[in-house]
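**Student:** coordinates only, sequence not included:
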């Protein structure tokens, strides 16, 4: 097993994909990888892609994965990927890996970016000074990968001398004293372990305390602090200063040229897109353009064609085939009124889903998404969070599950918890078919504006809840925000396609599994009732269950048993709301839009979409909230507060709208 380590946004996942011939989610912004991923190397063995870290001393939940991986020791060597355009910053992690003493090689990535900035690095001299192989690569374009693989095999078992830096003499005495009490058979380099302990590495502290008497190392440090009349912060500063001096010597030897080329253009663009007043309007304008392309200009016409194909030739052909083989009325109804109506009702929105994901991938790969987090920082700070918390929320636009998991990158525990609880408020792709269905039926000319309003509403509600929760859960906790802006890039067509496909194929997978099975079950519940089999839909079991809850939703404008039933099934997956309605509102030789227009008013339709946006997260999201918080109470809380918020807002929209517009 080989570990892949590097700073955030240095191309680790791109290199992982190139070395394993696989595809993991790649984004031109930090925080994409929040857990280790395992793939098979082309030359044999396993490669583990670890979360991006600036140091082996973890400050966030995802970074503990790296320290724990090193301490477990179930690997043969490491690959350290370095950003050639940010060599000084990247070498801080490299120095700690050198001190760790495990065999590793260096992939000097983004050499094309460095060249554009006028930076030249002497790769051979860098390898000579560090005493480890260094290969110049461009992971996105798969340049230098073959040579890196050769080095990986050749250097697999070579040990490294971890004693590379001579720290302050007094600090060296403390390191030696701690080393002296550590067992000789310790799985890791004792010098590295002692330095990390002094540097307050919580994972290393927990590990070492198992091998010595309780409080023994702390006693040595306390005695040293008292004798030298310094504090622990000063000791850590001595460590960092020692590393800085070592790195400066290397930089002076191997780097020539000054940053130029594309940098001024990047700075000019950043001055506009991260402007305190223009930044948010620019983001909203880009979102509006994205939704116009998704719904009005491209997506809706294609979806209309697909709907005509499914409800026409495909349904007709399958019907004739069932008649030809002598299928029973039961089977024919289940296939046509259940599976074709349910799954087909969701599939028609696939073009819009993929178009939206394409433009989201475009914004990610260009480097713009990191700028959005920076722009939102000022507003997030006012609400009790910081700009880094906005990254999981953006990821939640695709799916709430990875959005919740991305909160691991947030350093402050309470801030991370609040972000987890807020992430389900983001409008994920599973809700998009519901929006597309209702916006197309009631707001054909304003689809982009209506859908954009729902996305903005989700963000506004998240900020409101952040402020509310921060008064208690974040009380007295200091918040800070640091994010390095990645370079702007022209997205590669292949990368865009793979990113779009990886996001969209989950939607197709659901259509073939959950939605397929759900459509059959929903149809059966409409076919069977207290009166027996083949009953009228209004006398079915689903009508009975929906009828129990319909009075609850009457004040919101959609007090029918059909709407209630769709909301109940939507807890499993939000796409099933559309599948349910496609089955319940099936009308021969008529479109779903016509059937819905008779059951909902435009005001009730918007109220329903708002309710879908906010009400209880899907089952998968609830499960991941429980996993990430390790609390069933918090998972239930995420459901309860969302339902109350959804009910209150939909009630307000419908009741005020009825008074204002007359229904």
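**Tutor:** Done, it's in. Small disclaimer: the values here were computed from a predicted structure and weren't measured.

**Student:** can you give me the offset of stretch 617-629 from its chain's centre?
**Tutor:** Between the mean C-alpha point of stretch 617-629 and the mean C-alpha point of its chain there is a distance of 14 Å (C-alpha atoms, centre = their mean, to the nearest Å).

**Student:** in that stretch, what's buried?
**Tutor:** 617-618, 620-622, 624-626, 628-629 (16 or more other C-beta atoms under 10 Å). Every C-beta, even on glycine, is put in place using the N, C-alpha and C of the backbone.

**Student:** got a list of what residue 199 touches?
**Tutor:** Taking C-beta atoms under 8 Å, 6 or more residues apart in numbering as the criterion, residue 199 is in contact with 57, 236, 239.

**Student:** Next, work out how far apart it and residue 464 are.
**Tutor:** 40 Å (C-beta to C-beta, to the nearest Å).

**Student:** before we move on, back to that, just the ones in helices from the contacts of residue 199, please.
**Tutor:** Mapping the contacts of residue 199 onto helices (DSSP state H) picks out 236, 239.

**Student:** Export the buried residues of stretch 617-629 to JSON lines and append columns for distance to residue 402.
**Tutor:** JSON lines is the format used below for the buried residues of stretch 617-629 (distance: C-beta to C-beta, whole Å):
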{"residue": "617", "distance to residue 402": "13"}
{"residue": "618", "distance to residue 402": "13"}
{"residue": "620", "distance to residue 402": "11"}
{"residue": "621", "distance to residue 402": "10"}
{"residue": "622", "distance to residue 402": "15"}
{"residue": "624", "distance to residue 402": "9"}
{"residue": "625", "distance to residue 402": "13"}
{"residue": "626", "distance to residue 402": "16"}
{"residue": "628", "distance to residue 402": "11"}
{"residue": "629", "distance to residue 402": "16"}
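
**Student:** Report all helices and strands that the helix or strand containing residue 468 contacts.
**Tutor:** With the criterion set as DSSP states H and E, the secondary-structure element containing residue 468 is helix 447-470. For helix 447-470, the elements it packs on are helix 279-291, helix 368-382, helix 413-422, helix 432-442, helix 602-614, helix 632-661, judged by 3 or more C-beta pairs under 8 Å, 6 or more residues apart in numbering; DSSP states H and E.

**Student:** avg pLDDT for the fourth one?
**Tutor:** Same thing as helix 432-442. The average of the pLDDT scores along helix 432-442 is 92.

**Student:** any idea how far that helix is from the chain center?
**Tutor:** Remark: helix 432-442 is offset 25 Å from the chain centroid, using C-alpha atoms, centre = their mean.

**Student:** which residues touch that helix?
**Tutor:** Contacts of helix 432-442 with the rest of the structure, by C-beta under 8 Å, 6+ apart, involve 295, 299-300, 303, 345-346, 349, 352-353, 356, 427, 446-447, 450-451, 454, 574-575, 577-578, 581, 592-593, 596-597, 600, 602, 605-606, 608-609, 612.

**Student:** and with 6 Å instead?
**Tutor:** Residues from elsewhere that reach helix 432-442 (C-beta atoms under 6 Å, 6 or more residues apart in numbering): 346, 349, 352, 447, 450-451, 575, 577-578, 593, 596-597, 602, 605, 609, 612.

**Student:** Not counting its neighbours along the chain, what's nearest residue 443?
**Tutor:** Once flanking residues are discounted, residue 443 sits nearest to residue 450: 4.6 Å by C-beta to C-beta, 6 or more residues apart in numbering.

**Student:** Share the number of residues neighbouring that neighbour, please.
**Tutor:** Residue 450 sits with 22 neighbouring residues when counted by other C-beta atoms under 10 Å.

**Student:** confidence score at it?
**Tutor:** Residue 450 is assigned a predicted lDDT (pLDDT) of 95.

**Student:** Confidence-wise, which helix or strand of the protein is lowest on average?
**Tutor:** Lowest on mean pLDDT, DSSP states H and E among the helices and strands of the chain sits helix 263-273, with a mean of 76.

**Student:** that older thread, would you mind listing which of the contacts of helix 432-442 are buried?
**Tutor:** By 16+ other C-beta under 10 Å, the contacts of helix 432-442 give 346, 349, 352, 447, 450-451, 575, 577-578, 596, 602, 605, 609, 612 as buried.

**Student:** list the buried ones in the helix holding residue 468?
**Tutor:** 447-448, 450-452, 454-455, 457-459, 461-463, 465-466, 469-470.

**Student:** Now do it against helix 368-382: the angle between them, please.
**Tutor:** Following axes from the mean of the first three to the mean of the last three C-alpha atoms, to 10 degrees, one obtains 40 degrees for the angle between helix 447-470 and helix 368-382.

**Student:** gap between helix 447-470 and the chain center?
**Tutor:** 18 Å.

**Student:** and the angle for it with helix 632-661?
**Tutor:** Between helix 447-470 and helix 632-661, the angle formed by their directions is 130 degrees, by the same axes, to 10 degrees.

**Student:** Other residues contacting helix 447-470?
**Tutor:** Taking contacts as C-beta under 6 Å, 6+ apart, the residues outside helix 447-470 that touch it are 287-288, 291-292, 295-296, 383-385, 418, 422, 425-427, 435, 439, 443, 613.

**Student:** so where's this protein uncertain?
**Tutor:** Judged against pLDDT under 70, the low-scoring parts of the chain cover residues 23-35, 155-159, 258-265, 473-484, 587-591, 662-663.

**Student:** domain assignment for it?
**Tutor:** Following automatic domain parsing, the chain resolves into domains at 2-154, 169-256, 280-472+511-661.

**Student:** Residue 50 is in contact with residue 38, correct?
**Tutor:** No. Contact between residue 38 and residue 50 fails when scored by C-beta atoms under 6 Å: they sit 10.3 Å apart.

**Student:** returning to that earlier point: for the least confident helix or strand of the chain, name the packing helices and strands.
**Tutor:** Using 3 or more C-beta pairs under 6 Å, 6 or more residues apart in numbering; DSSP states H and E as the contact test, no helix or strand touches helix 263-273.

**Student:** quick one, what contacts residue 540?
**Tutor:** When the contact criterion is C-beta under 6 Å, 6+ apart, the partners of residue 540 are 526, 529.

**Student:** From residue 434, how far out is it?
**Tutor:** Residue 540 sits 23 Å away from residue 434, going by C-beta to C-beta.
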